[in-house]
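Q: Predicted coordinates and the sequence they were generated for:
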Amino acid sequence: VAPIVSGLSKILRKDILLALALESRTARVLEAALAPSSALGMRRLKLAASFKGLMATLGPHHIGGWVCAALWRTSLGDSGLRQAFAKELLDVEEKLRADNFAVWKVCGLHQVKVHTAEWMQQQKKAGKVQALFGDLIEGDTESARAAKMRKVRAAEDEALAKAATEAMEDPTAALQLFRF
């Protein structure tokens, strides 16, 4: 992951990010990179922030809308970034509602537009929760899964080694080991 992230930070130009987000195969990769289970962990927010200024183009687009929704979910807890994303999307409200209503719904832009004060308060609360419990919420799930798999494999290897040792001591145990 580290080489990908370091390489990604070198190409975070807006034109390249936009091209990646509008192409179907790379858009799916970006979606996966922005998902909570991503190996990027807390670096997802930095990636999401690099899309600031592109949401008006991504939102109405039939492929870019998927990335737009992933960016919106990733920005949870960062009220400033969410506010910037919402402003960009509201600037193209008519086009967004006509071309990609799903993004309008996923981002809850009606509430942003109609109940701005309440929405801002909710975003600030979410930011506080993220700051307090971010390490629990955004736990490195990829490494946790890998650690769990290592433990399972180690237990399997230990059981196999024990069975092999018993087989060497007792020839009938060897037959039971390979019985189908």
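A: Thanks, I have the structure now.
Q: Which residue would you name as the spatial centre of this protein?
A: residue 35 (1.3 Å; CA atoms, centre = their mean).
Q: Three-state assignment for the closest residue to residue 34 other than its chain neighbours, please.
A: In this structure, residue 34 finds its nearest non-sequential neighbour in residue 70, 4.1 Å apart by CB to CB, 6 or more residues apart in numbering. Heads up, the C-betas are built off the backbone N, CA and C, glycines and all. Under the three-state scheme (DSSP: H, G, I helix; E, B strand; the rest coil), residue 70 adopts helix.
Q: contacting residues for residue 70?
A: Contacts here follow CB atoms under 8 Å, 6 or more residues apart in numbering; on that basis residue 70 touches 30, 31, 34, 35.
Q: now with 10 Å?
A: Counting by CB atoms under 10 Å, 6 or more residues apart in numbering, residue 70 makes contact with 21, 27-28, 30-35, 38, 44, 48, 51, 58, 106.
Q: Can you turn the buried part of those residues into a ChimeraX selection?
A: The ChimeraX command for the buried members of those (criterion: 16 or more other CB atoms under 10 Å) is given here:
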select :21,27,30,31,33,34,38,44,48,51,58,106
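Q: from the contacts of residue 70, which has minimum pLDDT?
A: Minimum pLDDT across those is recorded for residue 38, with 80.
Q: these two touch, right, that residue and residue 44?
A: Yes. Residue 38 lies in contact with residue 44 (CB atoms under 10 Å); the separation is 5.9 Å.
Q: Quick check: closest non-adjacent residue to the residue nearest to the centre of the chain.
A: Using CB to CB, 6+ apart, the nearest residue to residue 35 is residue 70, at 7.0 Å.
Q: roughly how far apart are the one you found and residue 38?
A: According to CB to CB, to the nearest Å, residue 70 stands 10 Å off from residue 38.
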